[in-house]
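**Q** could you look at this predicted model? Sequence included:
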Amino acid sequence: MKNKKFAVVLAGCGVYDGAEIHEAVLTLLAIDKAGSTYECFAPDVNQYHVVDHLSGKATKETRNVLTEAARIARGDIKKLSQLDINQFDALVFPGGFGVAKNLSTFAVDGEDCLVNPDIEKLIVAAHQAKLPIGAMCIAPVVLAKVLGTGTLTIGNDAETASTLENMGATHLSTNGDEIVVDNENKIVTTPCYMLNSPISVVAKGTKKLIKALLQFMK
C-alpha cells in the first residue's frame, strides 16, 4: 500500500476552548507510526472565547483558531480554505471543546447548532468523494449534524448520544479504547476523553482509529 496522506483539522489549542492537545498529538503520532503522512489545517477565525486552563474560567482575551492550532502543528499548518480534499486520502477531526465552540455552535445550541461553512463543505466533499473520515471525542456530533446519518460513538454519555441521534445518526456506546466503524459511510469514531480515560487508553483508541481508516484505503 502506497504512502497515504491525512488531512487533520484542528480547532485551536487546549481542551476547553480548542483542540484537545493529547488527542491531536496522538493522532499525528499514530499516522506517522503507520508510515503515512499528514498536513494540519484550521479555520482562520476567532475562537468562541478563551479559557484559562488553570482556573477553568473564561477570560476577556481574543485568540485566533489558526494561530493557536499552529502551536500543536509546530507552525506547519495551513488555513482551512487552502485544503483541497482531492489531494488527501483521509480526513481526521481530533476532539476538544473547540470542535463544539469554534467549528460549530454545538456547545451552545446542541442539535440546533450551526457548523462553520468551510467545515460543512469539507465534510460533504470528503463524504461524496468516499474518503474515510475519522472523528474523536465530541467531533462525531459535527459529522452527524452535517451528514444527518452514520453510526457513531461519543462514548456513553446518554444526553449527548440522544442529541446525536436526534440529528439523524445512530449511536453505539463504547469504552475509551474502542472504535466504531461505519463501513457504509467510511466513518470511524472513538470516544477518547469523553470518558476521562487515561492517556494510554486514548492512545490505544487513536491508534485503532487510524488503523481502521487505513483499512478503507486498501
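**A** Sure thing, it's come through.
**Q** hey, where'd the strands end up in the chain?
**A** Secondary structure of the chain (DSSP state E): strands located at 5-9, 37-42, 77-79, 90-93, 133-136, 151-152, 170-171, 180-182, 187-190.
**Q** which of these sits most buried?
**A** Highest mean neighbour count among these (mean count of other Cβ atoms under 10 Å): strand 187-190, with a mean of 31. Heads up, the C-betas are built off the backbone N, CA and C, glycines and all.
**Q** what about that strand, average pLDDT?
**A** Strand 187-190 comes out with an average pLDDT of 98.
**Q** residues contacting the residue sitting furthest away from the middle of the chain?
**A** Distance from the C-alpha centroid of the chain, by Cα atoms, centre = their mean, peaks at Lys60 (26.3 Å). Applying Cβ atoms under 8 Å, 6 or more residues apart in numbering, one finds that Lys60 lies in contact with Val50.
**Q** just name whatever secondary elements the longest helix that the chain contains is in contact with.
**A** Secondary structure of the chain per DSSP state H: the longest helix is helix 199-216. Here helix 199-216 touches helix 21-33, strand 90-93, strand 133-136, strand 187-190, going by 3 or more Cβ pairs under 8 Å, 6 or more residues apart in numbering; DSSP states H and E.
**Q** how about a cut-off of 7 Å?
**A** Judged by 3 or more Cβ pairs under 7 Å, 6 or more residues apart in numbering; DSSP states H and E, helix 199-216 is in contact with helix 21-33, strand 133-136, strand 187-190.
**Q** report the central residue of this protein.
**A** Short answer for the chain (Cα atoms, centre = their mean): Phe93, at 2.1 Å.
**Q** would you enumerate the residues in contact with that one?
**A** Residues near Phe93 by Cβ atoms under 7 Å, 6 or more residues apart in numbering: 9, 99, 134-136, 139, 142.
**Q** if you set the cut-off to 8 Å instead, what comes out?
**A** Contacts of Phe93 by Cβ under 8 Å, 6+ apart are 8-9, 11, 99, 103, 133-136, 139, 142-143.
**Q** could you redo these as a markdown table and give each row distance to Pro191 and pLDDT?
**A** Conversion of these to a markdown table gives the following (distance: Cβ to Cβ, whole Å; pLDDT from 0 to 100):
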| residue | distance to Pro191 | pLDDT |
| --- | --- | --- |
| Val8 | 18 | 98 |
| Val9 | 18 | 98 |
| Ala11 | 17 | 98 |
| Val99 | 13 | 98 |
| Leu103 | 18 | 98 |
| Ile133 | 16 | 98 |
| Gly134 | 13 | 98 |
| Ala135 | 10 | 98 |
| Met136 | 8 | 98 |
| Ala139 | 10 | 98 |
| Val142 | 15 | 98 |
| Leu143 | 14 | 98 |
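**Q** the residues you listed into a markdown table, with extra columns for distance to Val65?
**A** Below are those laid out as a markdown table (distance: Cβ to Cβ, whole Å):
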| residue | distance to Val65 |
| --- | --- |
| Val8 | 14 |
| Val9 | 10 |
| Ala11 | 6 |
| Val99 | 11 |
| Leu103 | 8 |
| Ile133 | 20 |
| Gly134 | 20 |
| Ala135 | 18 |
| Met136 | 17 |
| Ala139 | 15 |
| Val142 | 14 |
| Leu143 | 19 |
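**Q** cool, thanks, talk later.
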